[in-house]
Each structure stands twice: as C-alpha cells, then as structure tokens.
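**Student:** curious how this folds, go ahead:
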Amino acid sequence: MRLIVASNNQNKIREIKKILQNKVEEVISLKDAGIFVDVEETGKTFQENALLKATAIRNLLKDKSFAVLADDSGLEVEALNGAPGIFSARFAGENKNDSDNRKKLLTLLKNQKNRKARFVCALVLINENDGKISVTATSDGEITEKETGDNGFGYDSLFYSYDLKKTFAEASDDEKNSVSHRARALLQLQKKL
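**Tutor:** Below you'll find the predicted structure:
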C-alpha cells in the first residue's frame, strides 16, 4: 500500500513511517504529494476532524492508487473539562506555537491538584477503493508542573506518561512509540489492514 498522510507535520510523518514500516511500501506528506491545502477542521470530535481531512485529501488526489491517512489528535485535561481537546494545536491562539500552548496550559493548571490528562488520536484511512477504516486510541498520564525533557513536540515535555514513568519528552522515539496514543491507534489500524 502507498500512503499519503494528510499532514505536513514532519514529526507525525516520522512516527507514522516508523510504526507502519512493515505494512506500507511508501509514506509521503501532503507537500511531497504536491497538495497545498489546509483542510478546515470544523468537526466537534477528533474522529470527525480526521474524517473531514481524509475525505478532502482523497477528493483532491489525481493518483487514486494512494490511500489517504488522516489523524486528529490532542490533549484532554480532566480539570479543564477535556480542554484543550480538538483545539490542542491552537490552544493559545491562531498564530501561537507549541511553547505558547504549554505556557497557557501551565497557567490554567496553576494550584490545580487534579492534573490527570490523556492524549487522544483518531485515525481515518481511506483506501484505494474508497473503503474507510476508523480507529481511536488514548495514552494516559498527567500534566507536570514544569517542562521536562528535550525530545518530542507539542505537549510532550509536560505529559508524564503512566506507562513510561517519565514525560514523553524524556523518552526515546522507540519508548514513546511503544505507548503513545498515535502508536496505539496505528497498531489498531495495522490489525485492520
């Protein structure tokens, strides 16, 4: 199977390539496919947004021999009623970055005892015959009081993984890929392929 990932996030692409390396012969980004579109995420759930992205990219493809994989993922914090949720990438505002998002999260959780959180990943794959496969997976942990670790991206330096007993940013790629929400979703997807 040849796969276009509905993303230009190189960190995501790298994770997906590594995890699916034995299942797919080629994994490319939107940029690699010559597709320059930002699909508006108007869904109310991770699953709805992943389906919107996968469908939009599938409809734009000239070469229908590629399958399309879209993910929508983010962080849900219990004390914030599931926020940032589907707004994880834009939590601090439209033109802000990962660092701004982490600062906002720490500010909102200041003096908060309940720091339970989970990463959620919804994947939708539309294959060459337009068949759809959807999966969702999570990884549980809590938000630390300060950033720890130099690896990863997004909220990884604040997410203490219950599985790993350290933050995702302190983990190696292989460690993170053994327990992350995206890895778990990709493994579920592998079983359905």
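**Student:** list the buried ones in the least confident helix or strand in the chain by mean pLDDT?
**Tutor:** Lowest on mean pLDDT, DSSP states H and E among the helices and strands of the chain sits helix 10-20, with a mean of 84. Judged by neighbour count (16 or more other C-beta atoms under 10 Å), helix 10-20 contains these buried residues: 12-13, 15-16, 19-20. Yep, even glycine has a C-beta here, placed from its N, CA and C like the rest.
**Student:** let me know the secondary structure of the residue nearest the centre of the chain.
**Tutor:** Compute the mean C-alpha point of the chain, and by C-alpha atoms, centre = their mean the closest residue is S73, 3.7 Å away. Secondary structure, DSSP: H, G, I helix; E, B strand; the rest coil: S73 is strand.
**Student:** measure it to K110 for me?
**Tutor:** 25 Å (C-beta to C-beta, to the nearest Å).
**Student:** kindly report the same for G154.
**Tutor:** 20 Å.
**Student:** contacts for stretch 176-186 next, please.
**Tutor:** For stretch 176-186, the external contacting residues (C-beta atoms under 8 Å, 6 or more residues apart in numbering) are 12, 15-16, 18-20, 71, 73, 118-123, 135-139, 151-152, 156, 161, 163-164, 168.
**Student:** which of those count as buried?
**Tutor:** Buried among these by 16+ other C-beta under 10 Å: 12, 15-16, 19-20, 71, 73, 118-123, 135-137, 139, 152, 156, 161, 164, 168.
**Student:** give the residue farthest from the middle of the chain.
**Tutor:** Distance from the centre of the chain peaks at N111, with 28.2 Å (C-alpha atoms, centre = their mean).
**Student:** next one: phi and psi at that residue?
**Tutor:** Per-residue torsions, N111: phi 70, psi 10 (degrees, to the nearest 10).
**Student:** centre of the chain to stretch 186-193, how far?
**Tutor:** 16 Å (C-alpha atoms, centre = their mean, to the nearest Å).
**Student:** any buried residues in it, and which?
**Tutor:** For stretch 186-193, by 16+ other C-beta under 10 Å, it's 186, 188-189.
**Student:** just those residues now: which is nearest K62?
**Tutor:** L189 (24.7 Å; C-beta to C-beta).
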